[in-house]
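Undergrad: Requesting a structural model of the entry that follows:
(4 chains)
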Number of protein chains: 2
Amino acid sequence: MQKIVLNIEMEKAEASAQRPRESGTSTLDLALRAVELLALRHAPMSLGEIAKALGATKPTIYRHLTTLIRHGFAWQDARTGYYAAGVKLMTLGEAVQQQFDVIATSKPHLIQLRDKTSQSATICTLVGEELIVMERVEGRSIIEFGTPRGTRFDFHASAHGRVWLAFGPHELTDKVLAGPLKSWSGEVRTSVPTIRREIELIRARGWAMAPNEMVDGVNALAAPVFDHRGELIASVAIVGSLQFIPSPPLPEQIDAVVQCARAVSSACGWRR
Amino acid sequence: MQKIVLNIEMEKAEASAQRPRESGTSTLDLALRAVELLALRHAPMSLGEIAKALGATKPTIYRHLTTLIRHGFAWQDARTGYYAAGVKLMTLGEAVQQQFDVIATSKPHLIQLRDKTSQSATICTLVGEELIVMERVEGRSIIEFGTPRGTRFDFHASAHGRVWLAFGPHELTDKVLAGPLKSWSGEVRTSVPTIRREIELIRARGWAMAPNEMVDGVNALAAPVFDHRGELIASVAIVGSLQFIPSPPLPEQIDAVVQCARAVSSACGWRR
DNA sequence: AAACGATGTTTCGTTATATGAAACGACTGA
DNA sequence: TCAGTCGTTTCATATAACGAAACATCGTTT
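TA: Okay, here's the model as predicted:
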């Protein structure tokens, strides 16, 4: 049984939203680029390859790799001498994820949601000013849509995002609608009044959808998660082919997502 | 429903097994220590705190953080100005994990194993010369034993490890048995002939267990996963209280673990 | 109200230290 | 045997990381 996995091409969580700073340490810069290069490659690389890819000399990269290895961020194949990313990245990634305790709480509910709907289930959280996929439970259909942990969503062009516009703090909504609204496809609405009207609708019915927005033929269905103070802390959603999640979605799908969001909210102390 | 989670204190995947090298770049060293510090803290830290914890001055750490932020490895809370670990670590951790395709293949089978036994299910892989937990599906008992992704196991003092001694390459077995054998508890056997005898037993019956070895009252039950060439590529195991996984384990538990390992092996091209 | 302590941030001169050319040993394939 | 990799080491040079001190803002405390 082989699964077809479509990796949706999106900007990953870059520092793009953070204000760019001019100062910095160039040597660290190079080393971090090396880590990233190794992690995103699927195969180990030779020292020369790495050096060329980063526009640096071998000794320089060599020294950096030495330090990276000492810290577990990289790793050298003892047989071939080639370099690859280290497991420390996995360890630290796991640690970062666990800092958000909504995620741990939500996991069993996400699995239940996936079991009910057979579609991938995801949960998003605000990190800084970015909306990030924190956990994902894979669906059971043949075609899978990849929004792996760490993917960043646009607020105006995704189901997750519009849940945040509808139920999140007003400052966020205003800031997003004031800025430029990038269009991913013809389906993305970039007119502010149109979005405002949709936000009202989402608030009224309690869920959001985004057919054909990120990729053609894909739909998502999202609902808000609140904490004990009634503040929005996360959003859960199912993602799948329009064939399985039509527009509008099936009543039982809406019910499943909303129920899941409510269950996680309850587990986080939300009442009423 | 609150789960009690016992985090088993083990050495994490350090570079300890890699040969230590003398040369290296000290500035990168400092920066990596900063990343690690931030990732392992649950709360954001102030610049001063970080500087003091690492024995450096504020401007130095500040410059490093600037670069780390630019790359997404760190992140600054816009409101408080405090620093925390960035989502890039999650993204890269995910990418590193996906380089090992046994993991992806095994996931549904691990879930099935968990469902059958109600115990946590884990899969380990050899990374370099270290045995690392690559994936884990949480159990359904009240008390959970935490061996999160990235945890390193000793070969002689764990069920996973002894599966590798029994079915892995001979060089590995010889090397491990030649080295010092650290004792975690009274239950750990450190005598080479004793271990050799147990390895034979494991080979004969096809599974390994490790009662009371890492923590008192905990047992683990592991079995080997082979690829198309018949080489050991991973080990799967269930971990749980001795109350649930007795010594020797229940026949149906053994069966479940062995079946799971066989299923993953088959999925990886293993025949017969 | 004013002084203090804590943030994060910037500047600047000094020197530590990261750098790259070149050479080295070891290995693989032609 | 030679030419081509690979990773590793050395060393003189100048880049660029460093830390002391000062700055700008917050809160809190006096």
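Undergrad: alpha carbons only for contacts and neighbour counts from here, please
TA: Noted.
Undergrad: so what's A:N212 closest to, chain neighbours aside?
TA: A:V218 (5.3 Å; C-alpha to C-alpha, 6 or more residues apart in numbering or on different chains).
Undergrad: Could you check how far the one you found is from DNA strand D?
TA: Relative to DNA strand D, A:V218 is positioned 42 Å away (C-alpha to the nearest atom of the strand, to the nearest Å).
Undergrad: Identify the bridge partners of that residue.
TA: According to DSSP bridges, the partner residues bridging A:V218 are A:S241.
Undergrad: Can you give me the neighbour number for it?
TA: A count of neighbours around A:V218, defined by other C-alpha atoms under 10 Å in any protein chain shown, yields 19.
Undergrad: Number of residues surrounding A:A78?
TA: The number of residues packed near A:A78 is 11, by other C-alpha under 10 Å.
Undergrad: Next: the one 3 residues further on.
TA: If you count neighbours by other C-alpha under 10 Å, A:G81 ends up with 13.
Undergrad: Figure out the helix or strand that it lives in.
TA: Taking DSSP states H and E as the definition, A:G81 sits outside all helices and strands.
Undergrad: Chain neighbours aside, what residue packs nearest to it?
TA: Ranked by C-alpha to C-alpha, 6+ apart and with sequence neighbours excluded, the top spatial neighbour of A:G81 is A:S46, at 7.5 Å.
Undergrad: What of A:I69?
TA: A:W75 (5.4 Å).
Undergrad: Next one, pLDDT for the one you found please.
TA: The predicted local confidence for A:W75 comes out at a pLDDT of 88.
Undergrad: Does anything pack onto the host helix or strand of it? Which helices or strands?
TA: Under the criterion of DSSP H and E, A:W75 resides in strand A:74-76. Taking 3 or more C-alpha pairs under 8 Å, 6 or more residues apart in numbering or on different chains; DSSP states H and E as contact, the helices and strands that strand A:74-76 lies on are helix A:58-70, strand A:83-85.
Undergrad: Spell out which parts of the stretch 101-250 of chain A neighbour DNA strand C.
TA: By the criterion of C-alpha under 7 Å from any atom of the strand, no position of the stretch 101-250 of chain A is found lying close to DNA strand C.
Undergrad: Now the single nearest residue of the stretch 101-250 of chain A relative to DNA strand C. Nearest residue, chain neighbours left out?
TA: The stretch 101-250 of chain A approaches DNA strand C most closely through A:G128 (13.9 Å), counting by C-alpha to the nearest atom of the strand. Closest residue in space to A:G128, ignoring its immediate chain neighbours: B:D77 at 6.1 Å, by C-alpha to C-alpha, 6+ apart.
Undergrad: Can you list the strands that the strand holding A:W75 pairs with?
TA: On the basis of DSSP bridges, the sheet neighbours of strand A:74-76 come out as strand A:83-85 (antiparallel).
Undergrad: can you tell me if the strand it pairs with touches DNA strand D.
TA: Yes: judged by C-alpha under 7 Å from any atom of the strand, strand A:83-85 and DNA strand D are in contact via A:Y83.
Undergrad: who touches that strand?
TA: Around strand A:83-85, the neighbours that count as contacts under C-alpha atoms under 8 Å, 6 or more residues apart in numbering or on different chains are A:35, A:38-39, A:43-47, A:73-77, B:96.
Undergrad: and with 10 Å instead?
TA: A:34-47, A:50, A:65, A:68-69, A:72-77, B:92-93, B:95-97, B:99, B:128 (C-alpha atoms under 10 Å, 6 or more residues apart in numbering or on different chains).
Undergrad: Can you say which of these are buried?
TA: Under a neighbour-count criterion of 16 or more other C-alpha atoms under 10 Å in any protein chain shown, the subset of those counted as buried comprises A:34-40, A:44-45, A:47, A:50, A:65, A:68-69, A:72-76, B:92-93, B:95-97, B:99, B:128.
Undergrad: Cross-check those residues against DNA strand D and keep the overlap.
TA: Contacts with DNA strand D within these, counted by C-alpha under 7 Å from any atom of the strand: A:M45, A:L47.
Undergrad: Go through the buried ones among the contacts of strand A:83-85 and flag which are in helices.
TA: Taking DSSP state H, the ones among these that sit in helices are A:34-40, A:47, A:50, A:65, A:68-69, B:92-93, B:95-97.
Undergrad: Now do A:P180: how many residues are near it, please.
TA: Residues near A:P180, counting by other C-alpha under 10 Å, number 9.
Undergrad: do A:S26 as well
TA: A:S26 is surrounded by 12 other residues when neighbours are defined as other C-alpha under 10 Å.
Undergrad: From what I see, it and B:H71 are in contact.
TA: No: counting by C-alpha atoms under 10 Å, B:H71 is not a contact partner of A:S26; they are 12.0 Å apart.
Undergrad: Overlap in contacts, those two.
TA: Shared contacts of A:S26 and B:H71, defined by C-alpha under 10 Å, 6+ apart, are found at A:L32.
Undergrad: Which residue, other than its chain neighbours, is closest to A:T27?
TA: The shortest distance from A:T27 to any non-neighbouring residue, by C-alpha to C-alpha, 6+ apart, is to B:L28 (7.4 Å).
Undergrad: Over to A:T91?
TA: In space, A:T91 comes closest to B:G150 once its chain neighbours are excluded; the distance is 4.8 Å by C-alpha to C-alpha, 6+ apart.
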